[in-house]
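Asker: A structural model of the following input is requested.
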Amino acid sequence: MMKNNQAPSSVAAQNPAPKLAIIAGGGSAPRHLIETCRVLRRDFFVICLEGQADSDLARDMPHIWLPLGAGARLRDVVQEQQLKEAVMIGSVRRPSLFELKPDFLALKVVAKIGLNLVGDDALLRAVGKAIEDETGLRMIGAQDVFADLLTPPGQLGRHAPDEQAESDIKRGIDIARNLGALDIGQAVVIQQGIVLGVEAAEGTDALIARSAQLRREGPAPVLVKVAKPQQDNRFDLPAIGPDTIGALSKAGLRGVGIEAGRSLLIEREKTIKLADEAGIFVVGIAVNGKSDA
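Answerer: Sure thing, here's the model as predicted:
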């Protein structure tokens with residue numbers, strides 16, 4: 001496999017970009033995007049989702065905490081802060097209608113999309129369109145702010161998958177694509193051709209931990225993450241980062257294949273360094289023989 005371990009570049013924008021709304025869920029991805037905006041000197045405002053974003057995410061920067069159902073308040077914030085573009089980033093646990101507690105504006109959105117009748121990808125597309133329609137924000141992908149977030153193709157560290165791991169990755173791609181087509185999940189754990197687990201509502205880290213209990217003797221399992229075939233690239237692209245490597249190491253998995261060009265590699269240098277130290281391979285994989293990287 002081609003080896004690609006180049007560090008992300010950080011070049012200040014030549015022309016001022018519009019003020020960015022960072023709609024933040026959980027995990028390290030929002031922090032990485034915030035730091036990128038600071039390096040690029042791009043003006044931003046953080047909208048922390050209650051019950052989703054880390055509690056200490058935005059203490060030292062302009063921000064507001066909003067529940068997922070606060071549609072009217074979101075519209076007001078967009079106008080007050082003169083926000084023009086928005087990125088939804090970070091893990092978001094899908095709420096029930098009871099947890100959502102929608103205001104009147106959000107209820108209009110719920111009525112349109114049927115919260116309990118669609119999968120995660122369809123829900124995110126519908127919510128993104130509703131935000132655009134109701135607030136005037138233009139939804140963009142994190143990779144539109146910082147293209148180097150995208151996973152490049154090939155081997156990304158010192159360690160490479162062997163023949164068995166290559167076979168498991170190939171099988172994992174087929175299974176994950178079928179899983180994604182049903183709008184269920186993006187990841188699968190494979191060991192010697194056997195499916196140990198598939199991702200559903202629990203998320204990738206929980207999938208890894210659960211699969212560890214099902215390990216067999218012989219070459220260890222691998223994680224495969226690919227975008228859903230119908231996925232809107234602005235929302236919820238597959239992602240890995242330092243926490244993923246920690247979970248893989250703890251569970252005894254030996255590597256991860258993640259779709260090149262349609263996934264995010266958070267804190268690339270740190271992630272690859274941790275993988276190298278743990279003896280874990282990380283590879284950007286082409287799906288259907290091609291990638292967008």
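Asker: need the longest helix for this protein.
Answerer: Identified as the longest helix of the chain according to DSSP state H is helix 163-181.
Asker: Which other helices and strands does that one contact?
Answerer: Other helices and strands packing on helix 163-181, by 3 or more Cβ pairs under 8 Å, 6 or more residues apart in numbering; DSSP states H and E, are strand 187-191, strand 194-198, strand 222-225, strand 255-259, strand 281-285. To be clear about C-beta, it is placed using only N, CA and C from the backbone, and glycine gets the same treatment.
Asker: for these, which one ends up most surrounded?
Answerer: Counting by mean count of other Cβ atoms under 10 Å, strand 222-225 has the highest mean neighbour count of the helices and strands packed on helix 163-181, with a mean of 29.
Asker: And for the helix or strand following it, what's in contact with it?
Answerer: Toward the C-terminal end, the helix or strand that comes next after strand 222-225 (DSSP states H and E) is strand 239-240. Here strand 239-240 makes contact (Cβ atoms under 8 Å, 6 or more residues apart in numbering) with 29, 204, 225, 256, 258, 263-266, 271, 282.
Asker: Which is the succeeding secondary structure element to strand 239-240?
Answerer: The helix or strand immediately downstream of strand 239-240 is helix 242-251, counting by DSSP H and E.
Asker: Show me which residues of that next one are buried.
Answerer: Residues of helix 242-251 classed as buried under the neighbour-count rule (16 or more other Cβ atoms under 10 Å) are 242-245, 247-249, 251.
Asker: Can I get the residues you listed in JSON lines including pLDDT?
Answerer: Written out in JSON lines, the entries for the buried residues of helix 242-251 read as follows (pLDDT from 0 to 100):
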{"residue": "242", "pLDDT": "92"}
{"residue": "243", "pLDDT": "91"}
{"residue": "244", "pLDDT": "94"}
{"residue": "245", "pLDDT": "97"}
{"residue": "247", "pLDDT": "96"}
{"residue": "248", "pLDDT": "97"}
{"residue": "249", "pLDDT": "97"}
{"residue": "251", "pLDDT": "97"}
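Asker: Can you classify residue 88 by secondary structure?
Answerer: Under DSSP: H, G, I helix; E, B strand; the rest coil, the three-state class of residue 88 is strand.
Asker: Report pLDDT for it.
Answerer: Each residue has a pLDDT score; the one for residue 88 is 89.
Asker: what's across from it in the sheet?
Answerer: Judged by DSSP bridges, the bridge partners of residue 88 are residue 23.
Asker: Next: residue 46.
Answerer: Applying DSSP bridges to residue 46 yields these beta-bridge partners: residue 22, residue 63.
Asker: ok, it - how many residues close by?
Answerer: Burial of residue 46, expressed as a neighbour count using other Cβ atoms under 10 Å, amounts to 21.
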